[in-house]
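Trainee: Need coordinates for the below:
(2 chains)
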Amino acid sequence: MRYTRIRIEQTRAIVYYSEQEAAEISRLEITTIRHLYAIQVIRGVEVAGEDRRYSEEDIALLRRARRLRDDLDINLEGIEVILRLSARLEALERELDEYRSSGNILP
Amino acid sequence: MAEEYKDYYSILGVSADADAKAIKQAYRKLARQYHPDVNPSDKTSESKFKEINEANEVLSDTEKRKKYDEMRAYYKQYGRWPGEESMAGAGAGGSRGGTYEYRTMSPEDLEDLFGENAPFSDFFETYFGPGASQRGRTGRARQRATRGEDVESIIEVTLAEAYQGVTHTFELADPDGSTRRVEVKIPAGVDEGSRIRLAAQGLQGAAGRGDLYLRVHIVPHANFTRDGTTLRTSVDVPLAVAMLGGEIPVTTPDGRKLMLHIPEGTANGRSFRLRSQGMPHLNQPDKRGDLYAEVNVVLPAHLTSEQKRLFETFARSLGYT
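Mentor: This is a model prediction of the structure:
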């Protein structure tokens, strides 16, 4: 019999939030959170046999969505575009950093 | 230490008798101009925005505004804030904060935008913070601190295991070196990034253990690709079967063989759907996605001269010379 060994250690503090907690902390409505999940702006955390939860990254995005809406009067469609573009941009910046750090010179 | 005087009304550019609507409008207008989401990494906008946000935080809240107005009247009359002298050197700050709710930006919001460097002024912190800031991240962390923290570990699950569900035994090793074994049911339908929560198997705290989350990594399968609950595979179909029709076995990830009916004249690359033979839905194991089998026509190789002659006859019958 082979066992997989798992070390219980604190490498990264993880906290997953329920939908209710996510709504309280981000001060967004649950319907808005569900919408942002459905259109994949936030990823959510699927837990087997339990309700979906949200990670710290999701919560930060939700807070950002609320700021865009409440401070800058941007509607949900606009928020979707902004969050998608930001995520894309961040991914590209990461790629570029990796490319540069591996000794490549930009053409 | 005296906190710097903050004239929240002049920061927002409204009169002291402005109503809630005027304050909201003034805040919105300034927020648009200086918002960090609009002016990323502009230091001037950043400090300006912090001020605006702080002013709005106080003035848009009836209770906080009332308190601020009283303090402001006191300041105008006596040239200092109420209780300022007794504070000096006494180290009694913070007790007057009260438990206000943040209305516009919580400390977490400001941390998102500016990092950890003091989002609110000393003045605000003394008279209007921290109160409700204990909710959210810090609140949760604190509440959980007594119970031991939640931890996460990655486990590998094969596609075949995810197809049927499986029970694995894990050996959990605590930081003190002690170990224990747990049997874990990995439910059918888990996908990349799914978590399985093992209650009270995390780090030990004063009041019990936190939870352990097992984060699933699906090991890719040589014959199947997965997209959610849809599975795709390819089946080799001999040329003769593709042309004349017949049946071809398709093997599922759990080793079952399903007979696939190949109609006469099936083209290479055509996909057949095997309904409800794909991956099960997590938490609804009775519901399955579909399995698509893509036809890969296999040509006969190394023809004998007789076979070659027969094929040429066949080609001529089709009009090829």
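Trainee: tally of neighbours for the residue nearest to residue A:17 when sequence neighbours are not counted?
Mentor: The shortest distance from residue A:17 to any residue other than its chain neighbours is 4.8 Å, reached at residue A:54 (Cβ to Cβ, 6 or more residues apart in numbering or on different chains). C-beta: built from backbone N, CA, C; applies to glycine. By the criterion of other Cβ atoms under 10 Å in any protein chain shown, residue A:54 has 25 neighbours.
Trainee: For residue 36, list the residues it contacts.
Mentor: Looking at chain A here, since you left the chain open. A:42, A:61-62, A:65, A:80, A:83 (Cβ atoms under 8 Å, 6 or more residues apart in numbering or on different chains).
Trainee: Oops, wrong one, chain B.
Mentor: By Cβ under 8 Å, 6+ apart, the neighbours of residue B:36 are B:45-46, B:49, B:113-114.
Trainee: backbone phi and psi for the closest residue to residue A:52 other than its chain neighbours, please?
Mentor: Once flanking residues are discounted, residue A:52 sits nearest to residue A:44: 4.9 Å by Cβ to Cβ, 6+ apart. Per-residue torsions, residue A:44: phi 70, psi 170 (degrees, to the nearest 10).
Trainee: For residue B:204, see how far away residue A:44 is.
Mentor: 29 Å (Cβ to Cβ, to the nearest Å).
Trainee: of those two, who's got more company?
Mentor: residue A:44 (20 against 17).
Trainee: For the more buried one, list the residues it contacts.
Mentor: Counting by Cβ under 8 Å, 6+ apart, residue A:44 touches A:37, A:52-55, A:58.
Trainee: which two in these are spaced the farthest apart?
Mentor: Farthest-apart pair in the contacts of residue A:44 is A:37 and A:55; separation 11.8 Å (Cβ to Cβ).
Trainee: What are the buried residues along the helix or strand encompassing residue B:163?
Mentor: Per DSSP states H and E: residue B:163 is located in helix B:159-164. Using 16 or more other Cβ atoms under 10 Å in any protein chain shown as the test for burial, helix B:159-164 gives B:159, B:161-164.
Trainee: out of the residues you listed, who's nearest residue B:62?
Mentor: Closest approach between the buried residues of helix B:159-164 and residue B:62, by Cβ to Cβ: residue B:162, at 54.4 Å.
Trainee: beta partners of residue B:226?
Mentor: In this entry, residue B:226 is beta-bridged to residue B:231, by DSSP bridges.
Trainee: Flag the shaky bits of the chain, pLDDT-wise.
Mentor: Chain wasn't specified; assuming chain A. Along chain A, segments meeting pLDDT under 70 span A:1-2, A:10-13.
Trainee: Oops, wrong one, chain B.
Mentor: In chain B, residues with pLDDT under 70: B:1-4, B:83-104, B:115-119, B:129-145.
Trainee: I'd like the distance between the spatially most central residue of it and residue B:218.
Mentor: Residue closest to the average C-alpha location in chain B (Cα atoms, centre = their mean): residue B:193, at 10.0 Å. From residue B:193 across to residue B:218, the span is 9 Å (Cβ to Cβ).
Trainee: can you check residue A:34 too?
Mentor: Taken as Cβ to Cβ, the span from residue A:34 to residue B:218 is 26 Å.
Trainee: now residue B:154
Mentor: Distance from residue B:154 to residue B:218, by Cβ to Cβ: 11 Å.
Trainee: So for the two, which residue has more residues nearby?
Mentor: Set side by side, residue B:154 and residue B:218 show more neighbours around residue B:218, with 17 against 11, by other Cβ under 10 Å.
Trainee: Say whether chain B is contacted by stretch A:69-80.
Mentor: Yes. Using Cβ under 8 Å from any Cβ of the partner chain, stretch A:69-80 reaches chain B at A:70-73.
Trainee: Need the buried ones from these selected in ChimeraX.
Mentor: A single ChimeraX command selects the buried members of the residues of stretch A:69-80 next to chain B (16+ other Cβ under 10 Å):
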select /A:70,71,72
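Trainee: Next, check the residues of stretch A:69-80 next to chain B against the helices and list the overlap.
Mentor: Within those, residues falling in helices by DSSP state H are A:70-72.
Trainee: ok, residue B:273 - how many residues close by?
Mentor: If we define neighbours as other Cβ under 10 Å, then residue B:273 has 12 of them.
Trainee: these two touch, right, it and residue B:294?
Mentor: No. Applying Cβ atoms under 8 Å, one finds residue B:273 not in contact with residue B:294, separated by 10.6 Å.
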